[in-house]
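Undergrad: Give me a model of this one.
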Amino acid sequence: MTNSEMKKQIIEMFLENVPELEGIKIANDTMLISSGYVDSFSIIKMIVLFEKAFSVTIALDEINYEDFETVESIVDKVILKGGPHDADETADRNYGGRLQ
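TA: Numbers count the residues shown, from 1 in each chain. Model (predicted):
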C-alpha cells in the first residue's frame, strides 16, 4: 500500500465513522482535533480502527494527540508502528528524495 492509498483510506475511514465530519472536505493537512472536527472520544475510536486496518498496535500510553492531528501525522504514526508504507515516498519525505 502506498502512502497515498493509506491517506485516502484514512480520510474515508474518518468520513464513514465520525458523523461530525459530514460535509467537511478533509485534506492531508486538515487540523482534525484543534479545529474541533474530531473530539478525543472519536480519536480513540479511530485509533482502534487504524490498528485493525493497518495491522499495528498503539498502546494507550503511546497516544499523543499531535500524532493524530492530521492525515499526514497519522500515516507517520502508522509507519512508525510498522504498518504499510511506500519506501519511495518515505525516502522523499525524510531525505528529500535521496537515500543516504
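
Undergrad: Let me see the contact set for the residue nearest to Lys81 when sequence neighbours are not counted.
TA: Nearest residue to Lys81, sequence neighbours excluded (C-beta to C-beta, 6 or more residues apart in numbering): Val56, at 4.0 Å. Quick note: C-beta positions are derived from backbone N, CA and C, even for glycine. Contact analysis of Val56 by C-beta atoms under 8 Å, 6 or more residues apart in numbering lists 50, 78, 81-83.

Undergrad: if you set the cut-off to 7 Å instead, what comes out?
TA: By C-beta atoms under 7 Å, 6 or more residues apart in numbering, the contact set of Val56 is 78, 81-83.

Undergrad: and it, what helix or strand is that in?
TA: Assigned by DSSP states H and E, Val56 belongs to neither a helix nor a strand.

Undergrad: now swap in Gln9 and tell me
TA: Using DSSP H and E, Gln9 maps to helix 3-17.

Undergrad: Report the distance from that helix to the chain centre.
TA: 8 Å (C-alpha atoms, centre = their mean, to the nearest Å).

Undergrad: Fine by me, we can end here.
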